[in-house]
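Colleague: Would you be able to build a 3D model of this:
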Amino acid sequence: MEKNILQVCGYAAPYSGNFIASLVSLAEENEKYGYKTIFGFPENARKREWCKNLEKNYIVYYLPLEKARIKYSTYRILKQIYKKHNIVIAHSHFELYDMPVNLMSPKSTKVFWHLHDALDLLYSKSNRLYKILWKIQYKYASKKAILLSVSEKGKNYAIKLGFKSQNSFFVPNAIDTKRIDCAQGKENKIYDFLIYGWDYYRKGVDVLEEAVPLLQNYNFKCGIVAGNDMAEKLKKEEKLIYQKPVDNVAELYKSIHCFLHISRQEGLSYALLEAIYAGVSVICSDIEQNMFAAEFPTVKMVPVGNSEMLAQKMEEVLTGTWCPNEEQKDISKKTIRDKYSIDSWVKSIQNFYFKGEIQ
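Modeller: This is a model prediction of the structure:
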């Protein structure tokens, strides 16, 4: 009988990014051992180009997005998938479908929940009903599941909500290094700094705005990648420039001297891994989820929310008093390749799936 692995993902972003690249690499490797992959995504992913490309090679199902945890049709569709296909492993990502994926799975199916987001932040922002659902999910509806978290903090918070500690593991994210390799060696820089500012407060854009006046004696440009609403907010400060999102992120890293990763909350940031691998200087907040970056010689850590320290490190970049050399860049790049590449991630996931069954 054909053996299938079900990947159910609460993901419908405009671009495939490292996440879809990781899943496709995993699917290709698993197929070498006789395991085919079936995908499930929210309804609104159907229109995405990356999802249309997936449909060319894989069976793809679409699930409800709104109230997915409590909607009958979510459970009905998953029951149909389990009945039609021999699902030996079910792996859900981004929390949305964790509970139905687990509850509808046959007894013989291994179930994995992959925690990507800052769970403590999501829980604190939830209304009373969803806080009850979170607790039900992690304490009562998780008996069979194995938790794979992109951060130790996320793992520990899930345990706090009731998930069994012996079934909880830390698995760092991975990046597609091939798409970043071409970012090396470009001399013409558009920005001195770049920051991803999708969430104004969580990503620390307000801290950056407070740091800018402290650098009034310097002429510099900082690109802020975000949604269209950010363009209006930035009109007051000429040094902060709205940068629309791009699919080819290597082009962004070609255009900068230093990447700012000054967030207050994270899972494990793909962007941080990419920037380190690209060989640019990185200024990074010292939150728990970012502390792995302290081992890289191309990264400077700053206290979270501290605009004065941020300004000080930015000044070091602008004056050239801190500029990583080629040896330091090579060390950072090699460490990313060894610990955070898709190849290493795939091997790690397969170890959880098969526990030595495949070589």
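Colleague: would you say Ile20 is within a helix?
Modeller: Yes: using DSSP: H, G, I helix; E, B strand; the rest coil, the assignment for Ile20 is a helix.
Colleague: Dump the C-alpha coordinates for stretch 233-252 into PDB.
Modeller: Taking C-alpha atoms only, stretch 233-252 is exported to PDB below (Å, rounded to 0.1, in the frame of the first residue of the first chain):
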ATOM      1  CA  LYS A 233       3.900  56.600   8.000                       C
ATOM      2  CA  LEU A 234       7.400  57.200   6.700                       C
ATOM      3  CA  LYS A 235       6.800  60.400   4.800                       C
ATOM      4  CA  LYS A 236       7.800  62.500   7.900                       C
ATOM      5  CA  GLU A 237      11.400  61.100   8.100                       C
ATOM      6  CA  GLU A 238      13.400  61.300   4.900                       C
ATOM      7  CA  LYS A 239      16.100  58.800   6.100                       C
ATOM      8  CA  LEU A 240      13.500  56.100   6.400                       C
ATOM      9  CA  ILE A 241      12.300  54.900   3.000                       C
ATOM     10  CA  TYR A 242       9.500  52.500   2.200                       C
ATOM     11  CA  GLN A 243      10.700  49.400   0.300                       C
ATOM     12  CA  LYS A 244       8.000  47.200  -1.300                       C
ATOM     13  CA  PRO A 245       8.400  43.500  -0.800                       C
ATOM     14  CA  VAL A 246      10.200  41.500  -3.500                       C
ATOM     15  CA  ASP A 247      10.300  37.800  -4.400                       C
ATOM     16  CA  ASN A 248      14.000  37.800  -5.000                       C
ATOM     17  CA  VAL A 249      15.300  38.700  -1.500                       C
ATOM     18  CA  ALA A 250      18.900  38.300  -2.700                       C
ATOM     19  CA  GLU A 251      18.500  41.600  -4.500                       C
ATOM     20  CA  LEU A 252      17.600  43.300  -1.200                       C
END
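Colleague: hmm, who's touching it?
Modeller: Residues from elsewhere that reach stretch 233-252 (Cβ atoms under 8 Å, 6 or more residues apart in numbering): 14-15, 179-183, 191, 194, 200, 208-209, 212, 219-226, 228, 230-231, 271, 274, 278. Every residue, glycine included, has its C-beta placed from N, CA and C.
Colleague: Now, the residues you listed that are in strands?
Modeller: Members of those lying in strands (criterion: DSSP state E): Tyr191, Leu194, Cys222, Gly223, Ile224, Val225.
Colleague: Let me see the confidence value for Glu357.
Modeller: pLDDT, Glu357: 60.
Colleague: same question, Asn188
Modeller: Looking at Asn188, the pLDDT reads 66.
Colleague: Buried ones from the contacts of stretch 233-252, can you make that a PyMOL selection?
Modeller: The PyMOL command for the buried members of the contacts of stretch 233-252 (criterion: 16 or more other Cβ atoms under 10 Å) is given here:
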select buried, resi 179+180+183+191+194+208+209+212+220+221+222+223+224+225+226+230+271+274+278
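Colleague: Give me the number of neighbouring residues for Arg264.
Modeller: 17 (other Cβ atoms under 10 Å).
Colleague: is it fair to say it lies in a strand?
Modeller: No: going by three-state DSSP, the assignment for Arg264 is coil, not a strand.
Colleague: Confirm for me that it is in contact with Ile287.
Modeller: Yes: applying Cβ atoms under 8 Å, one finds Arg264 in contact with Ile287, separated by 6.6 Å.
Colleague: which residues do the two both contact?
Modeller: Contacts common to Arg264 and Ile287, judged by Cβ under 8 Å, 6+ apart, are Val304.
Colleague: By mean pLDDT, point me to the weakest helix or strand of the chain.
Modeller: Every helix and strand of the chain was ranked by mean pLDDT, DSSP states H and E. The lowest is helix 119-125, at a mean of 67.
Colleague: so where do the strands sit in the protein?
Modeller: So, for the chain - with DSSP E - the strands run 3-9, 35-42, 59-63, 87-93, 110-115, 146-149, 168-170, 191-196, 222-225, 240-243, 256-261, 281-285, 299-302.
Colleague: Comparing these, which yields the minimum mean pLDDT?
Modeller: Across the strands of the chain, strand 240-243 gives the lowest mean pLDDT, at a mean of 88.
Colleague: Can you mark which positions in that one are buried?
Modeller: Counting neighbours by 16+ other Cβ under 10 Å, one finds that the buried residues in strand 240-243 are Leu240, Tyr242, Gln243.
Colleague: that older thread, pipe the strands of the chain into TSV and attach distance to Ala311 per row.
Modeller: Shown next, in TSV, are the strands of the chain (distance: least, Cβ to Cβ, whole Å):
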stretch	distance to Ala311
strand 3-9	39
strand 35-42	41
strand 59-63	46
strand 87-93	37
strand 110-115	34
strand 146-149	33
strand 168-170	33
strand 191-196	11
strand 222-225	12
strand 240-243	14
strand 256-261	11
strand 281-285	10
strand 299-302	10
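Colleague: Those: which one's closest to Glu316?
Modeller: The closest of the strands of the chain to Glu316 is strand 299-302. By Cβ to Cβ, the value is 7.7 Å.
Colleague: Quick one: list the elements packing against the closest one.
Modeller: strand 281-285, helix 307-319 (3 or more Cβ pairs under 8 Å, 6 or more residues apart in numbering; DSSP states H and E).
Colleague: ok, the nearest residue to Cys258 once chain neighbours are set aside - contacts?
Modeller: Spatial nearest neighbour of Cys258, excluding adjacent residues (Cβ to Cβ, 6 or more residues apart in numbering): Ser281 at 4.2 Å. Residues counted as contacts of Ser281 (Cβ under 8 Å, 6+ apart) are His257, Cys258, Phe259, Thr298, Val299, Lys300, Val317, Trp322, Cys323, Pro324.
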